[in-house]
Structures are given as structure tokens and as C-alpha cells.
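>>> Okay, sequence plus prediction incoming.
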Amino acid sequence: AQSVTQLDSHVSVSEGTPVLLRCNYSSSYSPSLFWYVQHPNKGLQLLLKYTSAATLVKGINGFEAEFKKSETSFHLTKPSAHMSDAAEYFCVVSVLRTGGFKTIFGAGTRLFVKA
Amino acid sequence: EAGVAQSPRYKIIEKRQSVAFWCNPISGHATLYWYQQILGQGPKLLIQFQNNGVVDDSQLPKDRFSAERLKGVDSTLKIQPAKLEDSAVYLCASSLRNAQGYTDTQYFGPGTRLTVL
């Protein structure tokens, strides 16, 4: 069975400090992995994706994530948080099934950024 | 490039009533998805279309939910009759293609917030 676990429901950081949002996945096959961000009352926006190329993936707004197969992890990081980063973040795994790929979302991590 | 369009943005109904949501994907996108996002949870896939055929509807409560994608473009999702637990945001997404061997980025619409009283 495939699944994705976001280890923290809430993360709070101060502006200018590093951000770490943790994600672990379970998949019988080589997965594709994504991070999406959802700002209040706005649609989901893709931050970055991993599709079996480079294990360190760079995304928009200074975010990056590293695929670690041995740890089945895909943690999202940013060196310095900005107030505008406050939002809900979703880790997503895409797995191959008969007929195409199936997308599974994590429960989400809400990021708070303090001034 | 125009994004994924959804309407209405908000809907309030009483339980046992019917409701329909509409989605217009990005032009040329063959794959269309409907998700249900309950407050405090991640989106859950309800149904996935490839052109006008259903690829996955394993999590669609078929006794009350139905969806169609006539002509492989626009799609409608219907709930009949609605229950209190159907209160959620219904998200539509589309991707360029999703055939075996290729994963594509999904682009999401703004969602429809449904409140069932």
C-alpha cells in the first residue's frame, strides 16, 4: 500500500530562521513526490517535484527538498523564512497503478512565521 | 494561460438537497481530477478522468456522488442527496496527461466551499 505521512501538523518559526517540514512516504514502487502550498482562501500551488532525476530538488520561493530513498523521506527546507511563507504545506506521493498514476496527499503541515 | 476554473465558489444547502459543481480545466489537459478537502485534512481524490473515461473512482461514494466529463473537457460533480459530512471544499485539478510511465504536474482550481446545514 502507498501512503504519505507528514510528521508535524504545525510548525512555528521566526522570520529569518530555517524551515524544516518533514515528510515520509511508503511505496512499493519508485514514487514521484511533490510539495504543494495552500495559502488561505487560495488554490494549491506546486512548490517542487521529484521524478527520479536529481535527489535534491529546488523549487519556487527558495524552497528545496531532498529525496532520501534509504530513509523514505522527502523533507522540505528553506534557509530563511519569510512572513509570506505562512501557509499550509502538503506532501504528495504519486504511484503507478493500472490505468495511470494515483495521487495521495498527506494531512498537511501548517507553517506559522513569527515576526 | 488561463487556469482551472470552478463554480460556484461557495454553496450553502440543507441536508438531503442536491448540489452540482462545475469545472473547466486548462485547455488541452487530458486528465481531470476531483478532490474533497475536509477542514483540517489533506485533499482526498474522489474521481480521475482521462479524457472522458474514468480512470479511478474507488473513493467516490457512488450512492450519492456522481461525476461526468462529457466531450473530455468540462466536468460536473453532483451530490444527491447531501449529508452533513459532505461539508468540505471540492477541488478540481487538471494535468497535461497521466498515462502509464509519465507523471505530470496537477494544476488546481480555487475550489468550491460547500456547507451542508
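Now that the structure is in, tell me what you want to look at.

>>> Enumerate the residues of chain B near chain A.
Residues of chain B lying close to chain A by C-beta under 8 Å from any C-beta of the partner chain are B:3-4, B:31, B:33, B:35, B:40-45, B:48, B:50, B:55-56, B:91, B:93, B:98-101, B:103, B:105-111. (Each C-beta comes from the backbone N, C-alpha and C, glycine too.)

>>> Show me how to select, in ChimeraX, the buried members of these.
In ChimeraX, a selection of the buried entries from the residues of chain B next to chain A looks like this (16 or more other C-beta atoms under 10 Å in any protein chain shown):
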select /B:4,31,33,35,42,43,44,45,48,50,55,56,91,93,98,103,106,107,108,109,110,111
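
>>> Assess the claim that residue B:39 and residue B:85 are in contact.
No. Taking C-beta atoms under 8 Å as the definition, residue B:39 is not a contact partner of residue B:85, at 11.5 Å.

>>> Pull up the residues of chain A that are close to chain B.
Taking C-beta under 8 Å from any C-beta as the criterion, chain A approaches chain B at residues A:32, A:34, A:36, A:42-46, A:49, A:51, A:90, A:94, A:96-97, A:99-108.

>>> Buried ones from these, can you make that a ChimeraX selection?
The following ChimeraX line selects those of the residues of chain A next to chain B that are buried, judged by 16+ other C-beta under 10 Å:
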select /A:32,34,36,43,44,46,49,51,90,94,96,100,101,102,103,104,105,106,108
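
>>> from the residues of chain A next to chain B, which ones fall inside strands?
A:32, A:34, A:36, A:44-46, A:49, A:90, A:94, A:96-97, A:100-105 (DSSP state E).

>>> excluding its backbone neighbours, what's nearest whatever residue of chain A ends up closest to chain B?
For chain A, the residue closest to chain B is residue A:105, as judged by C-beta to the nearest C-beta, at 3.6 Å. Excluding its sequence neighbours, the residue lying closest to residue A:105 (C-beta to C-beta, 6 or more residues apart in numbering or on different chains) is residue B:42, at 3.6 Å.

>>> quick one on the thing from earlier: so the residue of chain A closest to chain B makes contact with residue B:36?
No. At 10.8 Å, residue A:105 does not count as touching residue B:36 under the criterion of C-beta under 8 Å.

>>> Now do the shared contacts for those two.
B:43, B:44 (C-beta atoms under 8 Å, 6 or more residues apart in numbering or on different chains).

>>> Can you check the pLDDT for the residue lying closest to residue B:38 once chain neighbours are set aside?
Spatial nearest neighbour of residue B:38, excluding adjacent residues (C-beta to C-beta, 6+ apart): residue B:88 at 4.6 Å. Here the pLDDT value assigned to residue B:88 is 97.

>>> Can you report how many residues neighbour residue B:88?
20 (other C-beta atoms under 10 Å in any protein chain shown).

>>> Pull the contacting residues for it.
Counted by C-beta under 8 Å, 6+ apart, residue B:88 has contacts B:36, B:37, B:38, B:39, B:113, B:114.

>>> Put the buried members of the residues you listed into a ChimeraX selection.
This is the ChimeraX syntax for the buried subset of the contacts of residue B:88, where burial follows 16+ other C-beta under 10 Å:
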select /B:36,37,113,114
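
>>> Could you check the pLDDT of the residue of chain B found nearest chain A?
Closest approach between chain B and chain A, counting by C-beta to the nearest C-beta: residue B:42, at 3.6 Å. Note for residue B:42: predicted pLDDT of 90.

>>> doesn't residue A:90 make contact with it?
Yes. Between residue B:42 and residue A:90 there is a contact at 5.5 Å, judged by C-beta under 8 Å.
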